[in-house]
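J.: One predicted model, sequence on top.
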Amino acid sequence: MGFSSDPMNHYKYLIIGGGMTGDAAAQGIRELDPTGSILLVGSETHAPYNRPPLSKGLWKGEPEEKIWRPVPKGTELLLGKHIASLDAKRKQVTDDKGTAYGFEKLLLATGGAPRRLPQPSDRIIYYRTYDDYRRLHESVARPVRVAVIGGGFIGSEIAAAIRMQDRDIVMIVPEQGLGARVFPADLAAFLVDYYKKKGVETRIGEGMTGLEDRGSRGIAIKTTTVGGTEVTADLAVAGLGIVPNVDLAQQAGAKIDNGVVVDEHLRTSVRDIFAAGDVANFYNPALDMRLRVEHEDNANTMGRAAGRAMAGSDEPYNHLPFFYSDLFELGYEAVGELDSRLETFSDWKQPFREGVVYYLKAGRVRGVLLWNTWNQVDAARALIAEKGPFTAKSLKGRLPA
Ligand SMILES: Cc1cc2nc3c(=O)[nH]c(=O)nc-3n(C[C@H](O)[C@H](O)[C@H](O)COP(=O)(O)OP(=O)(O)OC[C@H]3O[C@@H](n4cnc5c(N)ncnc54)[C@H](O)[C@@H]3O)c2cc1C
């Protein structure tokens, strides 16, 4: 039959990764192919769920039942199994117990793994999964002090979530503000003050130089302050970003460049193998650049598009994804290239509380941050698609807060 897996283990569609992208892909396949066999393999022991509530809603009393995603009919789930190898020629994958599965079309929806610190310690939680949430939630039920390492997306959200449980918290942030890689400097500095007022201790501009696990006495973190301050805590949460899981794509000989490179139909450079979600590097026509996006809208939309493409659709993936976050009572939605190194123009209705920040390059809007400003995502996308040229003056009041 041309494959050496047990014929029982042969699937028309095989999805590796039981995250939001993998699940959305199964939905996409079912939209066009109601009966083709689908196997979705995930190394977590849980069925697909939404990750954003792990750092938001679940800490504010949202019921856990709400995070589970309805898996489409006729999708076989294989959970708690890690796919260790991929043979593109024989069109089969093998799990870590040696069982082989054959496929006609394969999707790599393998996402990313948290970047880790060199110091091994089981007092560090690399926050990514439902199990990480359960562990942290259980830990902060006691009066513990928590160190959050990193002031980016996950670090800022988790720090707020833990502080809302009335726990002592210290943030260690090497940059000069919170979200400093994304927000303009004044907004990143405002957030530091805002967090301080919420009772979060902040060590801003202090990189971590060492970490010592002192057993039942907790952990001690050394930072780059002159004199070498030591920060102590019972446990740490590290939010250091993720590294895309490209090993299987590499084994297949697929092109890799900051993730798995895909074309507009979400095909990798290897026939019948697709990739989508956090792991995929795709071209976006509105920005005229390649992107790898680590956000929910992209996982859902690109996952679905990949599923449809696997089932024969030839619609290109041209979507410019948006993302969002909540920081205590503040919240935002954003589209495009949010890079604090770009020229920015902040159009505040109320400084740092409500307004729009535009990110510009060569007279064009590259990104829009909608700060406590809602229902403007599509208008922001349209603005990014416009040629311009734009100036601060011409953008004032363009997207009303
Ligand atoms: C705590 C948290 C909060 C977030 N909040 C927001 C938010 O507010 N807004 C927003 O836009 N985005 C948010 N995100 C980002 C968003 O959740 C991700 O972009 C999305 O989950 C990516 O989905 P994915 O399926 O591509 O990858 P992942 O979520 O990484 O899922 C990949 C899955 O594949 C499995 N896997 C990997 N390799 C293998 C293998 N070889 N065999 C079997 N299984 C494998 C992994 O175990 C994992 O379960 C958040 C992320 C986290 C972690």
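T.: Good, I have the coordinates.

J.: shouldn't Leu117 be in contact with Leu211?
T.: Yes - between Leu117 and Leu211 there is a contact under C-beta atoms under 8 Å: 6.3 Å. The way it works is simple: take the backbone N, C-alpha and C, and place the C-beta from them, glycine included.

J.: Find the residues that touch each one of these two.
T.: Ile124 (C-beta atoms under 8 Å, 6 or more residues apart in numbering).

J.: measure stretch 287-307 end to end?
T.: Across stretch 287-307, the terminal residues are separated by 24 Å (C-alpha to C-alpha, to the nearest Å).

J.: Pull out the buried residues from that stretch.
T.: With burial defined by 16 or more other C-beta atoms under 10 Å, the residues of stretch 287-307 counted as buried are 287, 291-307.

J.: and Tyr359, that's in a strand?
T.: Yes - membership of Tyr359 in a strand is supported by DSSP: H, G, I helix; E, B strand; the rest coil.

J.: Number of residues surrounding it?
T.: Using other C-beta atoms under 10 Å, Tyr359 is surrounded by 25 other residues.

J.: Chain neighbours aside, what residue packs nearest to it?
T.: Spatial nearest neighbour of Tyr359, chain neighbours left out: Gly367 (3.7 Å); criterion: C-beta to C-beta, 6 or more residues apart in numbering.

J.: Please list the residues of the stretch 51-200 of the chain that sit near the ligand.
T.: Contact residues (C-beta under 6 Å from any ligand atom) of the stretch 51-200 of the chain with the ligand: 51-52, 54-55, 82-83, 109-112, 127-128, 154.

J.: at 5 Å what do you get?
T.: Arg51, Pro52, Leu54, Ser55, His82, Ile83, Thr110, Gly111, Arg128 (C-beta under 5 Å from any ligand atom).

J.: Who are the contact partners of the residue in the stretch 201-350 of the chain that the ligand sits nearest to?
T.: Here the stretch 201-350 of the chain gets closest to the ligand at one residue, Gly277, 2.3 Å apart by C-beta to the nearest ligand atom. Gly277 makes contact with Gly17, Gly19, Met20, Thr21, Gly22, Ala109, Gly111, Asn298, Ala299, Met302, Gly303, according to C-beta under 8 Å, 6+ apart.

J.: The fourth one and Leu266 touch, don't they?
T.: No - look at Thr21 against Leu266 with C-beta under 8 Å: they stay out of range, at 10.4 Å.

J.: How about the spatially most central residue of the chain: what's its closest non-neighbour residue?
T.: The centre of the chain sits closest to Glu294, judged by C-alpha atoms, centre = their mean, with a distance of 3.5 Å. Spatial nearest neighbour of Glu294, chain neighbours left out: Asp278 (4.8 Å); criterion: C-beta to C-beta, 6+ apart.

J.: Wasn't the one you found part of a helix?
T.: Yes - counting by three-state DSSP, Asp278 is found in a helix.

J.: In contact with it, which residues?
T.: Asp278 makes contact with Gly19, Thr21, Gly111, Gly112, Ile242, Pro244, Gly259, Arg292, Val293, Glu294, Asn298, Ala299, according to C-beta under 8 Å, 6+ apart.

J.: if I look at Thr21 and Leu266, which residues touch both of them?
T.: Common contacts of Thr21 and Leu266, defined by C-beta under 8 Å, 6+ apart, comprise Ala276, Met302, Ala306.

J.: quick check, nearest of these to Phe190?
T.: Set against Phe190, the nearest of the shared contacts of Thr21 and Leu266 by C-beta to C-beta is Met302 (32.9 Å).

J.: Model confidence for the residue of the stretch 201-350 of the chain closest to the ligand, exactly?
T.: The model reports Gly277 with a pLDDT of 98.

J.: With Pro7 instead?
T.: Pro7 carries a pLDDT score of 69 in this model.

J.: got it, and Thr209?
T.: At Thr209, the predicted lDDT confidence score is 87.

J.: mind checking the SS state of it?
T.: Going by three-state DSSP: Thr209 is strand.

J.: what's the distance between it and Val262?
T.: In this view, Thr209 and Val262 are 39 Å apart by C-beta to C-beta, to the nearest Å.

J.: the more surrounded of those two?
T.: For Thr209 versus Val262, the count of surrounding residues by other C-beta under 10 Å is larger for Val262: 28 against 11.

J.: so where's the stretch 1-150 of the chain shaky on pLDDT?
T.: Applying pLDDT under 70 to the stretch 1-150 of the chain flags residues 1-7.
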